[in-house]
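# 3D model of this:
(chains A, B, C and D)
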2 protein chains.
Amino acid sequence: MGSMASTTGSRGPSEARARLIRTATELFYAEGITAVGVERLIAEAGVTRVTFYRHFPSKEDLVLAYLQAEDEAIQGAFAAAAASGAEPRALVELVIQALGDDIERQHTRGCPFINAAAEYPDASSPIRKKIAEHREWFRSTLEQVITAAELPDPAEKAGALVLLRDAAMVGGYLDGPEAVRPTFERTAREVLGV
Amino acid sequence: MGSMASTTGSRGPSEARARLIRTATELFYAEGITAVGVERLIAEAGVTRVTFYRHFPSKEDLVLAYLQAEDEAIQGAFAAAAASGAEPRALVELVIQALGDDIERQHTRGCPFINAAAEYPDASSPIRKKIAEHREWFRSTLEQVITAAELPDPAEKAGALVLLRDAAMVGGYLDGPEAVRPTFERTAREVLGV
DNA sequence: TTCTAAGTAGAAGGAACGGTCTACCTACTT
DNA sequence: AAGTAGGTAGACCGTTCCTTCTACTTAGAA
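So this is what the prediction gives:
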């Protein structure tokens, strides 16, 4: 006596799959990956076990999809900022503020990638590779932004900025974002010399 | 037919207990807390289940003891540095180097407290309280050191230094300590103006 | 000497884990 | 009209989780 159903039988990107990733994003981030079981996941996504395993051969594949979704979100934000047509120098300030804003409003439980890394000690695992890949993208993107603004030592400054951002996300979680955001933005400007 | 035994029946601080904490310190740090089961713990500590639960009513109590041990180790290092009789200004540099050294040589898998926090979302849990307590001790100790060196804005600088240290530990884990240590020490001096 | 704290060994229990399986339904595509 | 991709429902399996239990040993303290 299936109640609503509605979207069964389509071929597109799959509602159920999207709901699983959305639920995973919420739960994995809020409570940790190992701490959230498949049972819980499918219950909150409103999906059956079979459906889950049809889309993701194992839980690890969902973890990967979760990190992928986070990655795409950040890349999207950067692309939007770059497309805004701001001048290179203004873009640097824009990025600093966007990162500060994200720490205060979106990611208040630390960095999804850092948190995940704490649960996966094996650096050669697919998950750790994904994390490393994301971090390298982030670092090199910052380097490009700094280079475009014609600031000195872009590579070095980008490294320092990654450091600071990591710190601010962790600090925002453990010590409260209100106190950390200004410290982050101030120190970032100081390090970049803007 | 118990083979060696030797230290059974004593009343002191208990060998078995010490071994459990030592093993926990290694395994929890290296592999994560949830990822290491009691079975594994007692096997590597060479202790039986009963002994384990005699000393620690639950696994969580061992986690607490593990964090306590880490806390004491760092407090000990600070106390030793303070007792070295270095001048206040030199002590600041000494602390920066000691933190850098720790990141490069001891804590190469991130910060034990930050990693633990990632696995315990409930801020009111005993573990998170212990973590908050440690962080506050660390921050205020840095503030004292900076104050003694008569540097400006000690509270603010201490906050920034905590931020940087967090970052360097995470970065050391995920991007390699060799690259991060110089960035950390350089940025720390820059922020403190020394 | 007796008591007790701290240890050994190993079985057991209930819950939760990730993952597989059967059986049926539905709607789009061909 | 037939085929198939994607969905539902729920039982089931082997493993591991944390924890408790009984039964015995050993050595220092009372």
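
# all helices for chain A, in order.
Assigned by DSSP state H, chain A shows helices spanning A:15-31, A:38-45, A:49-55, A:59-83, A:88-101, A:112-119, A:126-148, A:154-175, A:177-192.

# ok, and for the last one, which residues are buried?
So that's helix A:177-192. Within helix A:177-192, the residues that count as buried by 16 or more other C-beta atoms under 10 Å in any protein chain shown are A:177, A:180-181, A:183-185, A:187-188, A:191-192. Backbone N, C-alpha and C define where each C-beta goes, glycine included.

# which one among the residues you listed gets closest to B:Asp122?
A:Pro177 (18.2 Å; C-beta to C-beta).

# isn't that closest one right next to A:Ile103, touching?
Yes. With contacts counted by C-beta atoms under 8 Å, A:Pro177 reaches A:Ile103, the gap being 5.6 Å.

# Does stretch A:13-24 reach DNA strand D?
Yes. Residues of stretch A:13-24 contacting DNA strand D under C-beta under 7 Å from any atom of the strand: A:14-17.

# Of all pairs in these, which one is the farthest apart?
Checking the residues of stretch A:13-24 next to DNA strand D with C-beta to C-beta, the most distant pair is A:Glu15 and A:Arg17, at 7.2 Å.

# who's more crowded, those two?
Neighbours per residue, other C-beta atoms under 10 Å in any protein chain shown: of A:Glu15 and A:Arg17, the larger number sits with A:Arg17, 19 against 14.

# Now the spatially most central residue of chain A: closest residue in space that isn't a chain neighbour?
Among the residues of chain A, the one closest to the centroid is A:Glu70, at 3.7 Å (C-alpha atoms, centre = their mean). Closest residue to A:Glu70 apart from its sequence neighbours, by C-beta to C-beta, 6 or more residues apart in numbering or on different chains: A:Pro112 at 4.9 Å.

# so that neighbour makes contact with A:Val63?
No. Shown here, A:Pro112 and A:Val63 do not form a contact pair, counting by C-beta under 8 Å, at 10.5 Å.

# what is in contact with the two at once?
A:Phe28 (C-beta atoms under 8 Å, 6 or more residues apart in numbering or on different chains).

# For the closest residue to chain B within chain A, grab the count of nearby residues.
The minimum distance from chain A to chain B, using C-beta to the nearest C-beta, falls at A:Ala167 (3.3 Å). A count of nearby residues for A:Ala167, using other C-beta under 10 Å, gives 26.

# now do A:Gly172
Neighbours of A:Gly172 using other C-beta under 10 Å come to 25.

# Against A:Cys111, how distant is it?
A:Gly172 is 9 Å from A:Cys111, where distance means C-beta to C-beta, to the nearest Å.

# And for A:Gln75?
15 Å.

# Wondering if stretch A:131-149 reaches chain B at all.
Yes. Shown here: stretch A:131-149 in contact with chain B (C-beta under 8 Å from any C-beta of the partner chain) through A:131-132, A:135.

# do stretch A:43-55 as well
No. Using C-beta under 8 Å from any C-beta, stretch A:43-55 never reaches chain B; the gap is at least 15.5 Å.

# For stretch A:83-91, measure first residue to last.
10 Å (C-alpha to C-alpha, to the nearest Å).

# Identify the residue nearest A:Ala24 in space, chain neighbours excluded?
Nearest non-adjacent residue to A:Ala24 (C-beta to C-beta, 6+ apart): A:Tyr66, at 4.5 Å.

# same thing with A:Gln68?
A:Lys130 (7.2 Å).

# So what's the residue count around the one you found?
20.

# Next, the contact list for it, please.
A:64, A:67-68, A:71.

# and of the residues you listed, the nearest to A:Ala35?
Closest to A:Ala35, out of all of the contacts of A:Lys130 and judged by C-beta to C-beta, is A:Leu67, at 16.5 Å.

# Just list the residues touching that closest one, thanks.
Contacts of A:Leu67 by C-beta under 8 Å, 6+ apart are A:112-113, A:116, A:127, A:130-131, A:134.

# rerun that using 6 Å as the cut-off
Residues in contact with A:Leu67 (C-beta atoms under 6 Å, 6 or more residues apart in numbering or on different chains) are A:Lys130.

# hang on, the earlier thing: now tabulate the residues of stretch A:13-24 next to DNA strand D in a markdown table and tack on pLDDT.
Rendered in a markdown table, the data for these read as follows (pLDDT from 0 to 100):
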| residue | pLDDT |
| --- | --- |
| A:Ser14 | 86 |
| A:Glu15 | 91 |
| A:Ala16 | 94 |
| A:Arg17 | 96 |
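
# out of these, who's near chain B?
With C-beta under 6 Å from any C-beta of the partner chain as the criterion, the residues of stretch A:13-24 next to DNA strand D include none near chain B.

# Pipe these into CSV and attach distance to B:His55 per row.
Converted to CSV, those look like this (distance: C-beta to C-beta, whole Å):
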residue, distance to B:His55
A:Ser14, 51
A:Glu15, 51
A:Ala16, 47
A:Arg17, 47
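
# Tell me how far the nearest residue to A:Thr187 once chain neighbours are set aside lies from B:Arg189.
Among residues not flanking A:Thr187 along the chain, B:Ala160 sits closest, at 5.4 Å (C-beta to C-beta, 6+ apart). Applying C-beta to C-beta, the value for B:Ala160 to B:Arg189 is 12 Å.

# try A:Ser140
Relative to B:Arg189, and taking C-beta to C-beta, A:Ser140 is found at 26 Å.

# More neighbours: which of A:Gln75 and A:Cys111?
Taking neighbours as other C-beta under 10 Å, A:Gln75 and A:Cys111 compare with A:Cys111 leading, 24 against 14.

# Now do the phi/psi pair for that one.
The phi and psi values for A:Cys111, taken as degrees, to the nearest 10, are phi -90, psi 130.

# Check the separation of the first and last residues in stretch A:105-123.
OK, stretch A:105-123 end separation, C-alpha to C-alpha: 30 Å.

# and stretch A:42-55, how far apart are its ends?
End-to-end distance (C-alpha to C-alpha), stretch A:42-55: 12 Å.

# All set now, cheers.
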